[in-house]
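J.: Kindly generate the corresponding structure for this input.
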Amino acid sequence: MSTDTNSKEGDPVLFWGCFIALITTAFAFITRAFLVNDPGFWPKDFGFDTVQGQELFGAGIWPFAISIIIFSLIIDKIGYKVAMIFSFVCYVAYSYCAIHAYGMVSGLEGEALKEAQVGAWGWLYWGSVILGLGNGTVEAFINPVVATMYKRDKTKWLNILHAGWPGGLVIGGLLTLALGSQAAEDWRILIYLIAGPAIVYLIMLMGKEFPENERVSSGVSYREMLAEFGVIGAAIAGYLIFKQLGMVFGWSDGLVYGVLAASVIAYGVYCQSLGRPLLIFLCIIMMPLATTELGTDGAITGIMAEPMQAAGWSPLWVLIYTSAIMMVLRFFFAGPIVNALTPIGLLIASAAFAIVGLFMLSSASTMAAIFIFATLYGIGKTF
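T.: Sure, this is the predicted structure:
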């Protein structure tokens with residue numbers, strides 16, 4: 001059982017520790033995106049093409065969703081601190097895998113290099129999977145902690161908390177560009193960048209007592225919580241999880257659907273609910289939303305490479321720019337904007353900006369057009 005208490009409402013150390021944990025996920029995301037997409041780094045050292053590169057990048061994304069779901073189900077049983085420590089261990093493990101892969105191919109040539117690249121690919125792939133699990137775990141513990149601490153002003157404080165994501169992308173992106181010449185000689189320096197914020201949040205949060213889970217303090221049972229998600233929600237999440245695992249591990253369709261059916265039936269027997277319609281709807285619209293933000297941010301350096309490089313700029317500047325917009329709006333203007341538009345109005349306005357920005361960005365070819373449409377996209381993805 002969790003030993004968390006509910007005596008830390010508004011604790012600034014807890015809040016900023018969670019904020020820095022999210023910065024760590026952003027550091028890991030942007031440095032890995034750069035290493036995967038820039039042909040002078042991992043593609044050159046490990047001999048993979050663009051398709052393989054995006055497969056490798058995806059290996060750091062899908063586990064993110066799985067760990068959020070799993071830890072959301074058990075976090076009030078194991079406690080926030082266990083989840084926090086697990087996320088830190090994942091960052092250490094990812095760093096070890098990447099550095100080990102570097103050592104496998106360093107100094108080799110010819111057939112020896114090709115053989116080593118095959119083995120090193122596995123280390124990069126599973127290291128990315130572990131990183132994704134760690135990133136998802138951070139999301140799984142920081143959101144309920146902050147929501148519990150600031151019960152009366154959740155929207156404002158959650159938006160401020162999530163300024164840590166674009167803030168980390170901006171800082172991590174600028175450091176990545178600043179270290180360009182050193183990284184070209186030894187890209188491990190970009191892996192080492194993750195250590196800074198990771199160690200800081202571990203130190204800040206390790207000795208803290210976390211607030212009691214809001215569900216527990218409100219007297220809502222575990223079964224009632226699962227009933228909100230219901231059989232339909234479990235079927236949606238289960239389908240995505242088991243199809244992805246089946247693709248990775250080579251499971252047959254029969255095994256995938258068999259495990260899915262057994263899991264959903266067991267969930268339904270326990271919770272005895274189809275789920276709350278509004279929550280199911282939100283789950284459905286979150287899928288394209290998450291894909292749009294994470295997928296676009298992960299691939300935008302590659303997508304914008306040709307026009308940006310033609311102008312003498314690194315394509316990483318597009319991601320840094322949109323992230324800077326996101327950071328400023330979330331950190332300084334979240335409260336006033338939410339009060340002016342209401343949460344629903346804010347979502348509608350954000351969606352409109354994102355749609356127009358992304359659509360126009362897809363055909364932008366000049367620097368002016370790229371940054372004008374990137375501004376619209378940056379505003380849209382903020383909230």
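
J.: Would you tell me what helix or strand residue 165 is located in?
T.: Using DSSP states H and E, residue 165 maps to helix 164-178.

J.: Now that helix: average pLDDT?
T.: Averaging pLDDT along helix 164-178 gives 91.

J.: Show me which residues of the helix or strand just after that helix are buried.
T.: The helix or strand immediately downstream of helix 164-178 is helix 180-185, counting by DSSP H and E. Within helix 180-185, the residues scored as buried using 16 or more other CB atoms under 10 Å are residue 183. Every C-beta, even on glycine, is put in place using the N, C-alpha and C of the backbone.

J.: Return helix 180-185 as CSV; C-alpha atoms alone will do.
T.: Provided in CSV are the C-alpha atoms of helix 180-185 (Å, rounded to 0.1, in the frame of the first residue of the first chain):
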residue,chain,number,x,y,z
GLY,A,180,27.1,20.6,-32.5
SER,A,181,30.9,20.5,-33.2
GLN,A,182,31.6,18.5,-30.1
ALA,A,183,28.7,16.2,-30.7
ALA,A,184,29.9,15.6,-34.3
GLU,A,185,33.1,14.2,-32.8
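
J.: just checking, what packs against that helix?
T.: helix 188-192 (3 or more CB pairs under 8 Å, 6 or more residues apart in numbering; DSSP states H and E).

J.: buried set for the helix it packs on?
T.: Here helix 188-192 shows 190-191 as buried, counting by 16+ other CB under 10 Å.

J.: Restrict it to CA atoms and write it as PDB.
T.: Extracted as PDB, the C-alpha positions of helix 188-192 are listed here (Å, rounded to 0.1, in the frame of the first residue of the first chain):
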ATOM      1  CA  ARG A 188      27.600  10.700 -26.400                       C
ATOM      2  CA  ILE A 189      27.800  14.200 -25.000                       C
ATOM      3  CA  LEU A 190      24.100  14.600 -26.000                       C
ATOM      4  CA  ILE A 191      23.300  11.500 -23.900                       C
ATOM      5  CA  TYR A 192      25.100  13.000 -21.000                       C
END
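
J.: Give me the residues contacting it.
T.: Residues outside helix 188-192 that contact it (CB atoms under 8 Å, 6 or more residues apart in numbering): 31, 34-35, 95, 98-99, 102, 176, 179, 182-183.

J.: what's the least confident helix or strand in this protein, going by average pLDDT?
T.: Within the chain, confidence by mean pLDDT, DSSP states H and E is lowest for helix 296-303 among all helices and strands, at a mean of 68.

J.: what helices or strands is the helix or strand just after that helix leaning on?
T.: Next along the chain after helix 296-303, taking DSSP H and E as the criterion, comes helix 305-310. Contacts defined by 3+ CB pairs under 8 Å, 6+ apart place helix 305-310 against helix 367-382.

J.: What remains of the contacts of helix 188-192 if I keep only buried residues?
T.: Buried by 16+ other CB under 10 Å: 31, 34-35, 95, 98, 102, 176, 179, 183, out of the contacts of helix 188-192.

J.: export those to JSON lines and tack on distance to residue 265?
T.: Compiled in JSON lines, the buried ones among the contacts of helix 188-192 are given as follows (distance: CB to CB, whole Å):
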{"residue": "31", "distance to residue 265": "42"}
{"residue": "34", "distance to residue 265": "44"}
{"residue": "35", "distance to residue 265": "42"}
{"residue": "95", "distance to residue 265": "40"}
{"residue": "98", "distance to residue 265": "40"}
{"residue": "102", "distance to residue 265": "46"}
{"residue": "176", "distance to residue 265": "47"}
{"residue": "179", "distance to residue 265": "52"}
{"residue": "183", "distance to residue 265": "50"}
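
J.: Could you list the domains of this structure?
T.: Using automatic domain parsing, the domain parsing of the chain gives 1-215, 221-298, 304-383.

J.: wait, what's in contact with the closest residue to residue 322 other than its chain neighbours?
T.: Ranked by CB to CB, 6 or more residues apart in numbering and with sequence neighbours excluded, the top spatial neighbour of residue 322 is residue 378, at 3.6 Å. Residues near residue 378 by CB under 8 Å, 6+ apart: 321-326, 357.
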